[in-house]
Structures are given as C-alpha cells and as structure tokens.
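**Q** Could you look at this predicted model? Sequence included:
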Amino acid sequence: EYYKTWPIPITPEEIERGWFLKSLTPTEELAYYIGQRGNCWFDHLQTQRACEAHGIAHHLVPDDPNLNNYWGLSLLFHRTIEHLRKHRAEHPNAMAVPLLEPRDEWEKWAMPKIEVHLKRLHANKLARKARAAHDQAMQELTA
C-alpha cells in the first residue's frame, strides 16, 4: 500500500498494466541500471551519452513506457542543447535563446519537462559560481 502513494501516486490502471509494483527480471534490472546511468549523463549535459544509454535500456525492454519516455526525453534534450549551443555561437550577445518548437504531441508534453530541467541546471550553475566567488573572497581575506 505504501508504494501506491510514494514517491508519486500510482493509479489502479497503471498497476493493472503491470509496470509498477512487480519484481524485475534480470534484463529489466540491467535496463533500469543503464537507464539510471543515462539519467546521470543527462544531469551532466552529456547528452550524447545519455541518448546512447537510454537507447540501450529501451532496446533491452522495448515495451516499458518509463524507459521509452527516458529515451525520448534524452533525444529531445540532446536536440535542445545542440540548438542552444548553435544559437549561442551564431548570436553570442543575445540575451535570450528561443527554445525549439515542439514537432508533435509528445514533444508538446515533453518540452515543459525539458524547460524545468534547463532551469534547474542553470540555477545549479549560478549557485556554483556564487560559491566559487565566496570561496575566492574568503581566501583573499585570510591571505
């Protein structure tokens, strides 16, 4: 019962489909492990590696909707990052970079998730810069 509500609620329909609250086969365990490695690459902007890992995980268990979504999200994130890098190279003084326009219904569903992830990564980058500046100032004060 506990796992029907944690970390997010699961509907009875999702349980009936058989992807939640079940023991994994060895192949599924491997696929989820590789998928988690893909998530790590994703978080570190290693989008090509994330796509490869999620693609392998999807190939191992092609009917798993979670692994399919991870693969799709990493492909869209990779395309988005490449778009942002290209735009920055072509317009180095631009204050804002337009995001990709979704090409289909799935991308319309996925793009807000990509935007949230980009904002989180940007906030982490700003926090690291602030921490580095603070550390530098403290070193100068104590030198």
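**A** Sure thing, it's come through. Numbers count the residues shown, from 1 in each chain.
**Q** after whichever helix or strand E29 is part of comes which helix or strand?
**A** In the assignment (DSSP states H and E), E29 maps to helix 26-43. Downstream of helix 26-43, the first helix or strand assigned by DSSP H and E is helix 47-60.
**Q** Tell me what angle that following helix forms with helix 26-43.
**A** Helix 47-60 runs at 160 degrees relative to helix 26-43, counting by axes from the mean of the first three to the mean of the last three C-alpha atoms, to 10 degrees.
**Q** If we go by neighbour counts, what in stretch 80-96 is buried?
**A** For stretch 80-96, the buried set under the neighbour-count rule, 16 or more other C-beta atoms under 10 Å, comprises 80-81. Where you see a C-beta, it was placed from the backbone N, CA and C, and this is true even at glycine.
**Q** How about residues contacting that stretch?
**A** 45, 47, 97-100, 114, 118 (C-beta atoms under 8 Å, 6 or more residues apart in numbering).
**Q** repeat that with 10 Å
**A** For stretch 80-96, contacts defined as C-beta atoms under 10 Å, 6 or more residues apart in numbering pick out 45-48, 50, 97-100, 107, 110-111, 114-115, 117-118, 121.
**Q** ok, now stretch 57-71?
**A** In contact with stretch 57-71 (C-beta under 10 Å, 6+ apart) are residues 14, 17-20, 24-25, 27-39, 42, 50-56, 72, 74, 106, 109-110, 113.
**Q** what about stretch 46-61, average pLDDT?
**A** Averaged across stretch 46-61, pLDDT comes to 94.
**Q** Distance from that stretch to the middle of the chain?
**A** Stretch 46-61 sits 12 Å away from the centroid of its parent chain (C-alpha atoms, centre = their mean, to the nearest Å).
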